[in-house]
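Student: okay, here's the prediction I keep looking at, along with the sequence it came from:
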Amino acid sequence: MRGVLGKSRKMICSLLSQAPVSPAYYYRSSPSIYKPKPSNRFSWGFLAPIPSPAIRVFCSKPGEVGGLMASSVQNQGSISYLTQREAAEVDETLMGPLGFSVDQLMELAGLSVATSIAEVYKPSEYNRILAICGPGNNGGDGLVAARHLYHFGYKPFVCYPKRTQKPLYSGLVTQLESLSIPFLSVDELPMDLSKDFDILVDAMFGFSFHGAPRPPFDDLIKKLINLHYYEQAQRKSPVIVSVDIPSGWHVEEGDVGGDGIKPDMVVSLTAPKLCAKKFSGPHHFLGGRFVPPAIAEKYKLQLPQYPGMSMCVRIGKPPQIDISALRENYISPEFLEEQVEADPLDQFRKWFDDAMAANLKEPNAMALSTTGKDGKPSSRMVLLKGVDKDGFVWFTNYESQKARQLSENPHAALLFYWDGLNRQVRVEGSVEKVSDEESEQYFHSRPRGSQLGAIVSKQSTVVPGRHVLHQQYKELEEKYSKESLIPKPKYWGGYRLKPERFEFWQGQPSRLHDRLEYSPQETDGKRVWKIVRLAP
Ligand SMILES: NC(=O)C1=CN([C@@H]2O[C@H](COP(=O)(O)OP(=O)(O)OC[C@H]3O[C@@H](n4cnc5c(N)ncnc54)[C@H](OP(=O)(O)O)[C@@H]3O)[C@@H](O)[C@H]2O)[C@@H](O)CC1
Ligand SMILES: Cc1cc2nc3c(=O)[nH]c(=O)nc-3n(C[C@H](O)[C@H](O)[C@H](O)COP(=O)(O)O)c2cc1C
Ligand SMILES: Cc1ncc(COP(=O)(O)O)c(C=O)c1O
Ligand SMILES: [K+]
């Protein structure tokens, strides 16, 4: 595989176009409607000459996508949908000339399903999962997903009535058994699935489904359909997550009779199949982050970008958000008086180190709140650039709105929020400018572009347009092109807040948070920090 992928994309394409049908396709666990395979009908060369989109169809409207999880939402212009045949061709190409094994693809597919579920349904609220797995690779994806979900903190159960006797599948079963994940037979399943499970993973059939579902899957699908009636009767019912295809749906036409299952989430794999256009549930995700550019190019596949290192990406319209229902239940270690540092600065450093270790983005970003003589507060983010016994330092423009307010009222509040650690730190005190030398020194440590930016920006004044800033920046770039040192403008420098009060907040369940406040006290002529607990 490394040999093939190590070649240039051009070479891979030509290699693919000559490739015979992959024998690997036959290694897949289950028969499919494409067997027996004609010798070259589904080879790479078959699709290549079709000039215009056989595969790509329509898309969600630009701008329509947005939503709950910034990390996972993509605003795609267009997305390709695959026919049943094309899905199988992509599959066989991946596992033929591109050197993937079924095990690899299944592992990545199952992981994508698990991460998609975890993006939407938190284990604290949706814990009990039943994965209903079919006889083919869709079922295999379900088995893999169940294992990952276990490790993510869910409690999975598996119903796998038609087992495939291949090492890949028996291995997946053994792995689940070693985690003591219960396997339930169809008879052991309750008539009504609504009471015992929070999430039902529908991994019965994928893109090789055809005809009408045969036993025992016909009844299993009915059980999922029945849940819809509980929902209509306002009874709590588990959510249904369909892997790749809602089982029982026609792979291209969708829910033809309108009486099929109505999943809450579909996780399309590799690329959505045509039936996914008919999906109107709230959560449509794409998984299977393994499509090499050569395949995407050759098939003119338009797929969304996966954000960061994510294994899944939300596609389609995001659900309507009920803002009043957005909430987290914080679960953290206890934060007790006995454990905290006597000096709040040491405590701050400890928590700051934790935020660094947790890889949080810009843990030094803090909200700075000020008020002028009118007493009207205003807040904005600034970056902490130093902290020691003398206080908390940041840099800014001395003619900005905040600077005006600080000149009128030299008191301010700082706020750090470290999401992921469920922590907040509040610092309040008096503010003064840092020395000119300190500002000079810091100014020259900044990237050249930021130094020029500081000269350009008459911070908080009205600008006629972005072009004005760019023009001035360009002129300054030329002006200083031969100078090694850019002079710091006199209107730019630092402030230092000398703390008079600290509060360390650690989020806890049921809103019973820990809040420890430090305030200075004179004892025997000595200034010490008094620590008290505040009600949450
Ligand atoms: N790159 C990719 O594409 C990747 C694909 N991946 C996954 O593979 C899935 C496709 O897998 P697949 O080809 O094994 O077929 P799948 O749909 O699971 O089931 C076929 C089985 O169902 C049976 N069956 C069919 N109709 C039936 C009926 N009416 N009633 C009862 N049984 C019926 C059929 O039996 P047969 O009819 O042939 O006798 C056969 O046993 C795909 O959707 C995705 O999830 C990922 O793992 C990785 C990347
Ligand atoms: C994460 C973040 C960090 C920022 N850091 C600074 C900073 O260190 N100094 C600064 O002057 N502005 C910084 N800004 C911009 C300020 O939030 C603000 O827009 C600007 O200082 C003007 O505020 P004012 O009009 O209230 O004076 C930052 C903004 C963000 C979002
Ligand atoms: C206007 C402004 N000034 C200063 C800063 C702090 O930047 P630096 O880290 O380069 O000092 C920022 C950071 O976002 C900023 O937006
Ligand atoms: K399915």
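Tutor: Nice, thanks for sending it over. What you see is a predicted model, and the numbers here were worked out from it, not measured in a lab. Numbers count the residues shown, from 1 in each chain. Ligands and ions are numbered 1, 2, ... in the order given.
Student: please look at Leu108 and Gly288 and confirm they touch.
Tutor: Yes: contact criterion CB atoms under 8 Å: Leu108 and Gly288 qualify, at 6.1 Å. No exception for glycine: its C-beta is placed from N, CA and C like everyone else's.
Student: okay, the two: which has more neighbours?
Tutor: Just comparing Leu108 and Gly288: by other CB atoms under 10 Å the higher neighbour count belongs to Gly288, 24 against 20.
Student: so who does the more buried one touch?
Tutor: If you count contacts by CB atoms under 8 Å, 6 or more residues apart in numbering, Gly288 has them with 105, 108-109, 112, 269-270.
Student: quick one: residues contacting the closest residue to ligand 1 within the stretch 101-250 of the chain.
Tutor: Here the residue of the stretch 101-250 of the chain nearest ligand 1 is Gly206; by CB to the nearest ligand atom that distance is 1.9 Å. Taking CB under 8 Å, 6+ apart, we find Gly206 in contact with 134, 136-138, 141, 243-245, 269.
Student: how is the chain carved up into domains?
Tutor: Domains of the chain are assigned by the TED database as 84-320, 344-533.
Student: can you give me the neighbour number for Gly375?
Tutor: Neighbour tally, Gly375, other CB under 10 Å: 8.
Student: gap between it and His411?
Tutor: 12 Å (CB to CB, to the nearest Å).
Student: please name the residues that touch the residue nearest to Leu384 when sequence neighbours are not counted.
Tutor: Leaving aside its chain neighbours, Leu384 sits nearest to Asn364 (4.2 Å; criterion: CB to CB, 6 or more residues apart in numbering). By CB under 8 Å, 6+ apart, Asn364 lies in contact with 352, 383-385.
Student: quick one: closest of the domains of the chain to Glu338.
Tutor: domain 344-533 (10.4 Å; CB to CB).
Student: of the domains of the chain, which stretch is the most buried?
Tutor: With neighbours taken as mean count of other CB atoms under 10 Å, the domains of the chain reach their highest mean count in domain 84-320, at a mean of 20.
Student: what residues does this structure put near ligand 2?
Tutor: The chain has residues 362, 365, 378, 380-383, 394-397, 400-402, 459-460 near ligand 2, with proximity defined as CB under 6 Å from any ligand atom.
Student: next step: the residues you listed restricted to strands.
Tutor: Among the residues of the chain next to ligand 2, the members falling in strands (DSSP state E) are 365, 378, 380-383, 394-397.
Student: I'd like those as a markdown table, with distance to Leu130 appended.
Tutor: Shown next, in a markdown table, are these (distance: CB to CB, whole Å):
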| residue | distance to Leu130 |
| --- | --- |
| Ala365 | 42 |
| Ser378 | 52 |
| Arg380 | 49 |
| Met381 | 45 |
| Val382 | 50 |
| Leu383 | 48 |
| Trp394 | 52 |
| Phe395 | 56 |
| Thr396 | 55 |
| Asn397 | 59 |
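Student: of all those residues, which comes closest to ligand 3?
Tutor: Nearest to ligand 3 among these is Leu383, at 4.6 Å by CB to the nearest ligand atom.
Student: touching, the closest one and Thr396? I think so.
Tutor: No: Leu383 is not in contact with Thr396 according to CB under 8 Å; the separation is 9.6 Å.
Student: mind exporting the strand ranked longest in the chain as CSV, just the C-alpha atoms?
Tutor: Identified as the longest strand of the chain according to DSSP E is strand 492-506. Only the C-alpha atoms of strand 492-506 are listed here, as CSV (Å, rounded to 0.1, in the frame of the first residue of the first chain):
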residue,chain,number,x,y,z
TRP,A,492,1.0,51.6,22.4
GLY,A,493,2.0,49.8,25.6
GLY,A,494,1.1,47.7,28.6
TYR,A,495,-1.1,47.7,31.6
ARG,A,496,-0.7,45.8,34.9
LEU,A,497,-3.6,44.8,37.1
LYS,A,498,-2.6,44.5,40.8
PRO,A,499,-5.0,41.9,42.2
GLU,A,500,-7.2,42.7,45.2
ARG,A,501,-9.6,39.7,44.8
PHE,A,502,-9.4,36.3,43.2
GLU,A,503,-12.0,33.7,42.7
PHE,A,504,-11.4,30.1,41.5
TRP,A,505,-14.4,28.3,40.2
GLN,A,506,-14.6,24.6,39.4
